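Undergrad: Quick one, fold the following:
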Amino acid sequence: MFDLLIAGGDVIDGRGGPRRRADIGIAGDRISAIGSLVDGGAEAAATIDAAGLVVTPGFIDVHTHLDAQVFWDPNLSPSPLHGVTTVIGGNCGFTIAPLGDDPAHGDYLMRMLARVEGIPLEALQQGVPWSWKTTAEYFDAIDGNVAVNAGFKVGHSALRRVVMGDDSVRRTSTGNELEAMKALLRDGLEAGALGFSSSWSRTHNDPMGNMVPSRCAERDELVALCSVLADFDGTSVEFIPALGPFEDWAVELMTDMSTAARSPLNWNVMTVTARSMEMNRAKLTAGDFAAARGGKVVALTVPLMLSLHLNFNSGFVLDALPGWEEVMLLPKEDKRRVLADPAERRRLNELAQGDHPLRGLAHWARKVVFHSPAPENKGCAGRTVGEIAEERGQDPWDALCDMALADDLETSFGNPALPEPTADWEARVEIWRDPRAVIGASDAGAHLDLFLTANYATTMLNEAVVKRGLISLEEAVHLLTEVQADLYGLVDRGVLAEGAYADVVVLDEVTIGSGPTTFRSDLPAGASRLYAEATGIEHVICNGAEIVRSGRFTGARPGTLLRSGTHTAGPSLD
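TA: Sure, this is the predicted structure:
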């Protein structure tokens, strides 16, 4: 007698081999049998009719920032709607644990997270209890209350802040401070953290305009912290070394971090188009350099192109325009006053229209308005700023500023989404197949009003498999499941096999895809985020319990808090 029987589907087991028609019997949280179970008279408390559908392992998203969202949205939506059953958080050095004894640390980390990861500050203030001091206490606060499996790393910026306070963004660490950070990291790993994360990305700055704490660390600090992982089974490293082409120091540093940790390091992020392939191939050689020295370095690649939704509220990306950063860092009311001042408007636009690499960002007339909730802006969504300005008899820049002021700076705008050439998808498939790269980097839970890539799996399957036939569904599923499980050493996940955990997706391979990106005001304090539902995802099962049925959450919360050494082993450096 099974608890759940998935009957008559085409089973793709995640290993990359051909599909087969079979039934899957689930008892408790495990797959107990795969085969001709119905014909053999099997009985079950519940049955899913999968005839005409495909049954796959649940997808594994290895780069998220869902550390805070877990408190106000245990479903971790919309990721499970797109077939995700396992997520890894605590990336880029930005974690909300440990917090230490000083409440100022939590306040700083909250504001830093709001700034660098685009999570509304009000949502973090109202939606997160901030009641723990240690990583172990944070894990206890979320254990047993999540729809999917979730594991988290310990973030470098949190370690530095707790140990060094305000000095964490001012100087390098002393020997005693480094030992204190190593001890805190060790505590987190003993509690089950899946590893260590950090960032040297020049785009990561705190609300005061300082580099985030991890950027003030020297290479010896990074390598020393990674060395702590060598004593813990089932841990790994995530790191952002730099933007653009890698210099030798970046490759050597990542190699040293991996070998010190005796575990893989994945770096974030590789975006792929046909035009970027020369640089992409060059960056992948970091994996060869590391392998020759006993380490493992792999690229995280996001399997679609980002469609940016800009706004003046967060100011992300816009703050990269020359002379704009100071204004984009202002509190909302101060920012409103600047945008309402004709002289300040003119000054900002003159800076934006200057001779610089981001000049195209300031072609205001060409921008499409995605979202404009104010009544006086009714009918603006879906039109270009130029069309709206002409109708109003204004300059496009003035029209955009007036719309933003009416919308309390929430006007969302950007370049119109254009069909991507097949050559770009062919380039992506080449990268996906390279063992020096792994599909990931969704950033789910972050940049909530800037872009949405939590739908990466359904988008990838629709564009590369269904529409273009560039890769088989069997291979694509392998690249979304077993590859990620191997990278993190997840035990008994990423494949459909007898004895494996029952993380399962039942999908329609004809209709699989992502729905349109929309705005949804469902965050704490009523803040908005980008959101997309899926098509063709009929059932999602996590640990034997159905969490999604016909595109809707069931309310079940069977997810496991993944702890290193218990739910992970290895992972391999091969």
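Undergrad: Distance-wise, check the nearest residue to V368 once chain neighbours are set aside relative to H204.
TA: In space, and not counting its chain neighbours, V368 is closest to P416: 4.5 Å by CB to CB, 6 or more residues apart in numbering. (Each C-beta comes from the backbone N, C-alpha and C, glycine too.) Distance, P416 to H204, using CB to CB, to the nearest Å: 29 Å.
Undergrad: Repeat that for T411.
TA: T411 is 26 Å from H204, by CB to CB.
Undergrad: Just want to know which of these two has more residues nearby.
TA: T411 (29 against 21; other CB atoms under 10 Å).
Undergrad: What residues does that one make contact with?
TA: 311-312, 369, 371-372, 377, 400, 403-404 (CB atoms under 8 Å, 6 or more residues apart in numbering).
Undergrad: Do you know the pLDDT at R262?
TA: In this model, R262 is scored at 98, pLDDT.
Undergrad: And for S314?
TA: 87.
Undergrad: and the residue lying closest to it once chain neighbours are set aside, what does it touch?
TA: Spatially, and ignoring its direct neighbours in sequence, S314 is nearest to G118 (5.5 Å; CB to CB, 6+ apart). By CB under 8 Å, 6+ apart, the contact set of G118 is 314, 316, 446-450.
Undergrad: Please pick the buried ones from those residues.
TA: Buried subset of the contacts of G118 (neighbour count, 16 or more other CB atoms under 10 Å): 314, 316, 446-450.
Undergrad: Near V466, how many other residues are there?
TA: The number of residues near V466, taken as other CB under 10 Å, comes to 15.
Undergrad: so it makes contact with S514?
TA: No - counting by CB atoms under 8 Å, V466 sits too far from S514 to count as a contact (11.7 Å).
Undergrad: joint contacts of these two?
TA: By CB under 8 Å, 6+ apart, no residue touches both V466 and S514.
Undergrad: ok, now which ones touch the most centrally placed residue in the chain?
TA: Nearest to the mean C-alpha position of the chain, by CA atoms, centre = their mean, lies D443 at 1.8 Å. For D443, the contact set (CB under 8 Å, 6+ apart) comprises 63-65, 117, 451, 453.
Undergrad: ok, it to A292 distance?
TA: 31 Å.
Undergrad: do D508 as well
TA: D508 is 45 Å from A292, by CB to CB.
Undergrad: quick one, which of those two is more surrounded?
TA: Between D508 and A292, D508 has the larger neighbour count (other CB under 10 Å), namely 14 against 9.
Undergrad: quick check, distance from stretch 298-313 to the centre of its chain.
TA: 10 Å (CA atoms, centre = their mean, to the nearest Å).
Undergrad: End to end on it, go ahead and measure it.
TA: End-to-end distance for stretch 298-313, by CA to CA, to the nearest Å: 35 Å.
Undergrad: Report the beta-bridge partners for E238.
TA: With DSSP bridges applied, E238 shows beta-bridge pairing to S197, N266.
Undergrad: Skipping adjacent residues, who's closest to P373 in space?
TA: Using CB to CB, 6+ apart, the closest residue to P373 is D407 (5.8 Å).
Undergrad: That neighbour and S372 touch, don't they?
TA: Yes - under the criterion of CB under 8 Å, D407 makes contact with S372 at 5.6 Å.
Undergrad: so how far is L409 from G118?
TA: Taken as CB to CB, the span from G118 to L409 is 14 Å.
Undergrad: What of D508?
TA: 40 Å.
Undergrad: mind giving me the domain ranges of the protein?
TA: Domain assignment for the chain by automatic domain parsing gives 2-57+510-553, 60-304+420-441+472-492, 318-414.
Undergrad: and the end-to-end length of the longest one?
TA: Just to be clear, that refers to domain 60-304+420-441+472-492. End-to-end for domain 60-304+420-441+472-492, by CA to CA: 13 Å.
Undergrad: starting at the chain centroid, how far to it?
TA: Taking CA atoms, centre = their mean, one finds domain 60-304+420-441+472-492 lying 9 Å from the centre of the chain it belongs to.
Undergrad: Next: stretch 13-20.
TA: 26 Å.
Undergrad: same deal with stretch 339-347?
TA: Mean-position distance between stretch 339-347 and its chain equals 36 Å (CA atoms, centre = their mean).
Undergrad: per-residue confidence averaged over it?
TA: Throughout stretch 339-347, pLDDT has a mean value of 97.
Undergrad: And the contacts of that stretch?
TA: For stretch 339-347, using CB under 8 Å, 6+ apart, the contacting residues are 312, 327, 338, 397-398, 401, 404-405, 409.
Undergrad: now stretch 162-171
TA: Contacts of stretch 162-171 (CB under 8 Å, 6+ apart): 98-100, 102, 104-105, 157, 160-161, 173, 177, 180-181, 184, 206, 208, 210-213, 216.
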